[in-house]
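J.: Sequence and computational prediction follow.
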Amino acid sequence: GRERKTVQGWVGYLQHSSLNYIYSSGHLSLGRGNPYFFNMNESLLLNPNFPPAEYVWWQHETQWFQYDWGFLMLNEMDLLERFLTFHRYGINNKNWRFGFTEAVMGTYKNWGSEEMGYIMPAAVLLETEENRGINANLMWLMDGMFKWVDWTFYSELLIDDFALDGKSPPQIAGSIGLGKIYKKVLFNIEYTHINRWTGNHCDSLKRWVEMDVPIGHSLGSDAHQLLFSSYMPFNNKLALKLFI
């Protein structure tokens, strides 16, 4: 948490608090925190390090299909409230998975039917944006992972905006990685590239940041990263992570 003030004795601030219901096919979580997308290191859409917000997150699986729905209330800016919502549709197999996510960030002063259309669990966000929604920042994410023996291959492609007329640069980001387990130690190499305007928006209230911290990959926009990492477990209670 964050230190709010210094006094004699103990000072505490509860920054994360959630109620979770887990059942055989998924879970429902609500409270205050920062739900994030998982890959071997850090997702391009939602990373685990941005400041906590009030949220609801529902995940349900049935055989090979997985569905995620989430809604986050972000901090207020310029007297306007902000929200972020996402839907992920995933196909899972024993050795591979693929997912497609729609996510939207929007602002409002008084919550109404236009805003409500975004958070419906079965809403198609592109259709909502085009036909009845507010001027929100819409993103698409495609993620995949494949495992073969001790090898793991994974990748993400984030599309913030793609100009069909070619008159503006595409706002996209991508990552690709390869991991291998050798004698119980995981070795991983990953390359990430984020274009200059990815996560930005003509309206500063809809930039993919929360309290000046990137909500997507912590690198922010206009960045490259070549990451070498390893995870070495010593026993059930002690492990070591190395990042270069």
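T.: Received it, and whenever you're ready, just let me know what you need.
J.: Give me the distance between residue 96 and residue 211.
T.: 36 Å (CB to CB, to the nearest Å). The way it works is simple: take the backbone N, C-alpha and C, and place the C-beta from them, glycine included.
J.: between these two, which one's more packed in?
T.: residue 96 (14 against 11; other CB atoms under 10 Å).
J.: what sits against the more buried one?
T.: 144-147 (CB atoms under 8 Å, 6 or more residues apart in numbering).
J.: Looking at the residues you listed, state which has the most neighbours.
T.: Highest count within these by other CB under 10 Å belongs to residue 145, 20 neighbours.
J.: So that one, which state does it fall into?
T.: With DSSP: H, G, I helix; E, B strand; the rest coil as the basis, residue 145 sits in strand.
J.: how close does it sit to residue 153?
T.: 7 Å.
J.: The strand or helix carrying residue 88 pairs with which strands, parallel or anti?
T.: In this assignment (DSSP states H and E), residue 88 forms part of strand 80-92. Strand pairing for strand 80-92, using DSSP bridges, gives strand 65-77 (antiparallel), strand 96-108 (antiparallel).
J.: What's the first helix or strand after the last one?
T.: Toward the C-terminus, strand 96-108 is succeeded by helix 113-119 as the next helix or strand (DSSP H and E).
J.: Please enumerate the helices of this structure.
T.: 113-119, 125-131 (DSSP state H).
J.: The spatially closest residue to residue 240 that is not a sequence neighbour and residue 61: what is the separation?
T.: Spatial nearest neighbour of residue 240, chain neighbours left out: residue 232 (4.7 Å); criterion: CB to CB, 6 or more residues apart in numbering. Residue 232 sits 31 Å away from residue 61, going by CB to CB.
J.: contacting residues for the spatially most central residue of the chain?
T.: Geometric centre of the chain, nearest residue: residue 46, 1.7 Å, by CA atoms, centre = their mean. Listed by CB under 8 Å, 6+ apart, the contact set of residue 46 reads 34-37, 86, 103, 215-216.
J.: likewise residue 66?
T.: Contacts of residue 66 by CB under 8 Å, 6+ apart are 59-60, 88-92, 99.
J.: quick one: it from residue 143, how far?
T.: 12 Å.
J.: Show me the common contact partners of those two, please.
T.: residue 99.
J.: Within its sheet, name the partner strands of the least confident helix or strand in the chain by mean pLDDT and how each one runs.
T.: In the chain, no helix or strand scores lower on mean pLDDT, DSSP states H and E than strand 17-23, which sits at a mean of 87. Applying DSSP bridges to the sheet, strand 17-23 is found paired with strand 26-33 (antiparallel).
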